[in-house]
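Engineer: quick check, what structure comes out for this input:
(chains A and B)
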2 protein chains.
Amino acid sequence: MNYNKILATRTSRIRASAIRELLKLAADPNLISLGGGLPSPDSFPLDLVMELTDKVLKKYGSTALQYDTTEGFTPLRKALIDYVKTKGVDAKLENIYITSGSQGFLDAIGKLLISPGDYVAVEGPTYLAALQAFNAYEVNYAQIQTDDEGVIPESMEEMIKSYPVKFVYTIPTFQNPAGKTIGLQRRRQIAEIILKHDVLLIEDDPYSALRYKGESLPTIKSMAPDNVIYASTFSKIFAPGLRIGFIVAPEKLGKWLVLIKQGVDLNTCTFTQAIATEYLTGGYVSGQVKKIINLYHPKLETMLEALEENFSKDFKWSKPEGGMFVWVEGPEGMDMEEVYKKAIEKGVGFVPGKFFFPNPDDGIETMRLNFTNITEVQIKHSIKILASVVKEEAEITKSN
Amino acid sequence: MNYNKILATRTSRIRASAIRELLKLAADPNLISLGGGLPSPDSFPLDLVMELTDKVLKKYGSTALQYDTTEGFTPLRKALIDYVKTKGVDAKLENIYITSGSQGFLDAIGKLLISPGDYVAVEGPTYLAALQAFNAYEVNYAQIQTDDEGVIPESMEEMIKSYPVKFVYTIPTFQNPAGKTIGLQRRRQIAEIILKHDVLLIEDDPYSALRYKGESLPTIKSMAPDNVIYASTFSKIFAPGLRIGFIVAPEKLGKWLVLIKQGVDLNTCTFTQAIATEYLTGGYVSGQVKKIINLYHPKLETMLEALEENFSKDFKWSKPEGGMFVWVEGPEGMDMEEVYKKAIEKGVGFVPGKFFFPNPDDGIETMRLNFTNITEVQIKHSIKILASVVKEEAEITKSN
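Structural biologist: As a prediction, the model looks like this:
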């Protein structure tokens, strides 16, 4: 039958994206990929998962295999009260909700707040999967300017004043894709601005636990609790295949999100929620996070050193103190999509940065590099190759 | 802050439902509940889950804990090719997609096909959570009339002719809520009608494996493969807390559903998909399903006998050969919401049937009874109480 005739109008915003087509070029398994965003499988604690499963089946029995409340597995929600306290976030049970990964929350908040044509303010660049979640609700974006310290508060305020934004979405710490972190003073400014204009802000925080050096920063949530939904996940501190995210939200919004989520997935996987509960309450988090940090920190340093050694002064890049990404900005006019195509031929993949910007003409000369999922030898080798491709491209750009 | 000002327009269709408020009355744990729709926890194979987890971690290692493709865990999709063959459904890998429970599919198909104001044809009564999933996309319903054999094909055709329906949604076997099954001849008629009018039909089939007597019927999918999406789940044949559903869809629609699902949850829980894979490929399904049937069949017979013994001839009820529900229709004018309130006071809960109809004035005199999650003694006892409440109500109705 002719399926096209029955598609919903919103599908015009969901069609197969250019980036997906582009990334298909990187399907060769021999490629060294700086393109992904996956945690290293070396970090997954297989024995611990086995041990926790045994505990879960003994402790919760069939409850762990049954339908559960849409709000989330109560013992997990309770355990998270203490966990988010370590992030300076005060929460009661009725503020904590479990989601099917961070993505489950991004979809739910889009569905709850975005009517077709509504505005959402996001950093340029921002997290691709957030754009994907919001696009399905036929959103418009107000793009906030960023610099080395992430969101520029004045630009955020300008967007709030210029557009009737439904909410601001930001990843303040070790941002994906740019690896940048909003400093303390700016966090305070941002909190003031959203309070002043009575605007909701989504603080997406998957990476702050992966801090390799420097000092932790307070969450924006802690500065404006009624105006912020704090979102995080077990994907980066335990394992993404369990699909467990969580949020801390004002109760009224939380209740709405539950009504939304009920129609989307009834409840998040009970079994893996129970495993995550035992992971938290058993005191395994700090040891596991230390293990992950020991795995990723040298990779980050290796990448930063390799960039220093191989890339010319026409380039600049973020120097994150944690997370999973480094952001490279080339000289004006350099088209990183062209660089990508040539790098792929030489066996190195990455993601051209322009795909992370809602404004279609921005970020042509940028790229996102991931360092968590390859070895240090591969990092050195691939950055060298990338530097040579970029050098060639610079000569072409100059001669044009 | 004032959150109401930022809600999306669709939330007017998602507000806290009357049924949810009503069911709160049934929160007393001492209540005998004929109201739920949960599988019996006694049926969950805890030891097997432990064994399969061990297998999964040894066989798939960290892959079982990593992000996975949106389409679903490939070994599970492959294993399902053989499983759906037992339902008479021919499928290749590119026709099979994993969803986060059946609900994940219902949300995705609504999001893919329903623009605000579009029509969907559903049985009256139909599955409440399907209505909930579709409502969020601001749908209108064309209600198909049903009788003892479920969907009346002529009524379905009339709805297709009268409204520009995006798709027909039906549960042909042991329907929730009515426990009814569409017979062979009608299935053929339905297939002919959707082919003739080139309409898409969703065949939701969570219960057909739970057949206690009588003969299996072919799926509508097998009669009109290009016009049907077949959907099923592991929730009733294994455990709902794993949140694994699956569909067999024409490839073009499947690809669209993947684009939709990517923004909703990236991928279904990898870990529990891997467990479901080993459950299927290890040959455990038929033994486990037999165990479930042995548990549920006597409960169904007990309920049917108790109804026969206690309910007067003014009542009729479905006599299903499987599934989890019995549907009772009282004499015209009897308000089962009133009966519900009185029954709750006497310690028995059920769901008034009117909530399962999209047309708000239908089904006043109906109720849905679940029998899987209580003992036979409880079934006898609760049906007796229900009969006495109903008798009182009949006298009130008559005297009015």
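
Engineer: tell me where the stretch 101-250 of chain A has strands.
Structural biologist: For the stretch 101-250 of chain A, the strands defined by DSSP state E, counting those that start in this stretch occupy A:119-123, A:140-144, A:146-147, A:150-151, A:165-170, A:201-204, A:228-233, A:245-248.

Engineer: dump those strands to TSV, plus mean neighbour count, distance to B:Thr99 and mean pLDDT.
Structural biologist: From N, CA and C alone the C-beta is placed, and that goes for glycine too. Converted to TSV, these look like this (neighbours: other Cβ atoms under 10 Å in any protein chain shown; distance: least, Cβ to Cβ, whole Å; pLDDT from 0 to 100):
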stretch	mean neighbour count	distance to B:Thr99	mean pLDDT
strand A:119-123	26	27	98
strand A:140-144	20	29	98
strand A:146-147	15	36	96
strand A:150-151	26	36	97
strand A:165-170	26	26	98
strand A:201-204	26	25	98
strand A:228-233	26	21	98
strand A:245-248	27	18	98
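
Engineer: the closest residue to chain B within the stretch 301-400 of chain A: how many residues sit nearby?
Structural biologist: Relative to chain B, the nearest point of the stretch 301-400 of chain A is A:Asn373 (9.9 Å; Cβ to the nearest Cβ). Per other Cβ atoms under 10 Å in any protein chain shown, the neighbour tally for A:Asn373 reads 21.

Engineer: can you check A:Asp28 too?
Structural biologist: A count of nearby residues for A:Asp28, using other Cβ under 10 Å, gives 10.

Engineer: if we can go back for a sec, go ahead and confirm the residue of the stretch 301-400 of chain A closest to chain B touches A:Ser40.
Structural biologist: Yes - because the distance of 5.4 Å satisfies Cβ atoms under 8 Å, A:Asn373 is recorded as touching A:Ser40.

Engineer: who wins for proximity to B:Gln145 among the strands of the stretch 101-250 of chain A?
Structural biologist: Of all the strands of the stretch 101-250 of chain A, strand A:165-170 sits nearest to B:Gln145, with 41.6 Å by Cβ to Cβ.

Engineer: ok, that closest one near chain B or not?
Structural biologist: Yes - residues of strand A:165-170 contacting chain B under Cβ under 8 Å from any Cβ of the partner chain: A:Lys166, A:Phe167.

Engineer: cool, and stretch A:55-69?
Structural biologist: Yes - applying Cβ under 8 Å from any Cβ, one finds stretch A:55-69 touching chain B at A:Leu57, A:Gly61, A:Ser62, A:Thr63, A:Ala64, A:Leu65, A:Gln66, A:Tyr67, A:Asp68.

Engineer: up against chain B, what does the stretch 51-200 of chain A have?
Structural biologist: So the stretch 51-200 of chain A meets chain B at A:53-54, A:57, A:61-68, A:100-101, A:103-104, A:106-107, A:111-115, A:118, A:129, A:132-133, A:135-137, A:166-167, A:198-200 (Cβ under 8 Å from any Cβ).

Engineer: quick check: which element contains the residue of the stretch 301-400 of chain A closest to chain B?
Structural biologist: For A:Asn373, there is no helix or strand it lies in under DSSP states H and E.
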